[in-house]
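>>> A predicted structure for the sequence below; I have some questions about it.
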Amino acid sequence: MSTYVDTRTPPPWVRVVAPVAVGATILAVWILIVDVLHIAPRALPSPIAVVEQMVLHADIILEDMGITATNALIGLGVGTIVAIVLAALAATFRPIDGMLAPLVAAIAVVPIVAVTPILNTMFGASSQFGREAVAGIAAFVPVFVNVLRGLRQTRPVHRDLLRASGATGIQTFRVLTLPTALPYLVTGVRIASSIAVIAALVAEYFGGPADGIGTAIATYAKSGYAALAFAYVAGGIAIGLALFLVTSLLERLVTRRSPV
């Protein structure tokens with residue numbers, strides 16, 4: 001008797017070993033180009049020098065990471081709340097859906113690089129609000145699209161069954177609509193979390209207060225401190241990875257508990 005083995009799904013250890021192997025390969029090539037062959041561009045520092053700068057300026061880097069992470073989280077939170085409210089209205093009322101569709105499409109194609117200087121100037125050079133607004137705008141679209149899609153996944157036969165059972169609108173939402181839409185919500189938040197971090201970094205690069213990861217990268221890169229600039233880049237990557245891992249774990253938990 002033969003046993004069927006699904007070769008399409010890789011074993012769990014591959015998901016850990018594969019990215020580690022890729023990272024180690026990139027690091028080895030980096031060291032080879034910079035420290036061994038000495039053929040790298042002048043602006044590309046040695047990874048050893050980057051690590052040294054990370055250790056030497058750990059307190060300042062962590063402080064700026066906290067500012068950037070806060071801007072990204074506030075933007076992600078506000079953008080998610082606004083997206084949920086508007087998606088619920090669009091799913092419930094067709095005229096509102098028609099009015100929001102071109103607005104969301106316009107926001108989706110707005111270049112963040114063009115909007116950022118305007119918002120930073122609008123709210124002042126000492127305010128973080130412009131940066132948080134940029135992160136919120138960037139996070140809004142993926143959450144809105146996913147939540148709206150999730151709210152429309154309920155089948156008419158299920159809604160009719162609950163209506164025939166005497167369920168109220170709130171009960172139908174709590175028992176049927178919300179559990180169906182929740183996996184789509186967390187997927188949208190997972191996508192938006194990475195976008196919010198990128199948007200916050202870009203917003204810091206183009207003005208505002210003299211703090212944050214983006215500002216430090218721009219300052220030190222222009223001043224010739226490439227190793228320190230790369231150390232701040234590593235800090236930005238760490239923020240993005242942390243948010244991605246947290247939201248991915250949340251997505252997995254919700255997906256396992258969601259109804260089929």
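Okay, I see it. Numbering: from 1, shown residues only.

>>> low pLDDT regions in this protein?
Applying pLDDT under 70 to the chain flags residues 1-10, 12-14, 155-175, 257-260.

>>> Which residue ranges of it form helices?
Remark: helices assigned in the chain by DSSP state H are 12-31, 47-56, 58-92, 94-109, 112-123, 129-151, 156-164, 169-172, 178-205, 213-222, 226-257.

>>> Columns mean neighbour count and distance to I39 on top of those helices, output as JSON lines?
(Each C-beta comes from the backbone N, C-alpha and C, glycine too.) Output for the helices of the chain, formatted as JSON lines (neighbours: other CB atoms under 10 Å; distance: least, CB to CB, whole Å):
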{"stretch": "helix 12-31", "mean neighbour count": "11", "distance to I39": "12"}
{"stretch": "helix 47-56", "mean neighbour count": "16", "distance to I39": "15"}
{"stretch": "helix 58-92", "mean neighbour count": "19", "distance to I39": "29"}
{"stretch": "helix 94-109", "mean neighbour count": "12", "distance to I39": "40"}
{"stretch": "helix 112-123", "mean neighbour count": "16", "distance to I39": "32"}
{"stretch": "helix 129-151", "mean neighbour count": "25", "distance to I39": "37"}
{"stretch": "helix 156-164", "mean neighbour count": "12", "distance to I39": "63"}
{"stretch": "helix 169-172", "mean neighbour count": "12", "distance to I39": "65"}
{"stretch": "helix 178-205", "mean neighbour count": "24", "distance to I39": "29"}
{"stretch": "helix 213-222", "mean neighbour count": "21", "distance to I39": "21"}
{"stretch": "helix 226-257", "mean neighbour count": "17", "distance to I39": "16"}
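
>>> now the ones you listed as a markdown table including distance to A40?
Below are the helices of the chain laid out as a markdown table (distance: least, CB to CB, whole Å):
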| stretch | distance to A40 |
| --- | --- |
| helix 12-31 | 8 |
| helix 47-56 | 11 |
| helix 58-92 | 23 |
| helix 94-109 | 37 |
| helix 112-123 | 28 |
| helix 129-151 | 33 |
| helix 156-164 | 60 |
| helix 169-172 | 61 |
| helix 178-205 | 24 |
| helix 213-222 | 16 |
| helix 226-257 | 11 |
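
>>> Select, out of these, the one closest to P41.
helix 226-257 (9.6 Å; CB to CB).

>>> who does the closest one touch, helix- and strand-wise?
Where contact means 3 or more CB pairs under 8 Å, 6 or more residues apart in numbering; DSSP states H and E, helix 226-257 is packed against helix 47-56, helix 58-92, helix 178-205, helix 213-222.

>>> for stretch 63-70, the distance to its chain's centre please.
15 Å (CA atoms, centre = their mean, to the nearest Å).

>>> ok so, going back, for A105, find the nearest of the helices and strands packed on helix 226-257.
Among those, the nearest to A105 by CB to CB is helix 58-92 (12.8 Å).

>>> Output the contacting helices and strands for the closest one.
Using 3+ CB pairs under 8 Å, 6+ apart: helix 58-92 touches helix 94-109, helix 129-151, helix 178-205, helix 213-222, helix 226-257.

>>> Relative to G136, how far out is the residue nearest to D97 when sequence neighbours are not counted?
Nearest non-adjacent residue to D97, counting by CB to CB, 6 or more residues apart in numbering: A90, 4.0 Å away. Applying CB to CB, to the nearest Å, the value for A90 to G136 is 18 Å.

>>> go on, S127?
The gap separating S127 from G136 is 14 Å, by CB to CB.

>>> A242 too?
19 Å.

>>> ok, back up a step: now the helices and strands packed on helix 58-92 in JSON lines, with distance to L27?
Below are the helices and strands packed on helix 58-92 laid out as JSON lines (distance: least, CB to CB, whole Å):
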{"stretch": "helix 94-109", "distance to L27": "36"}
{"stretch": "helix 129-151", "distance to L27": "30"}
{"stretch": "helix 178-205", "distance to L27": "22"}
{"stretch": "helix 213-222", "distance to L27": "20"}
{"stretch": "helix 226-257", "distance to L27": "12"}
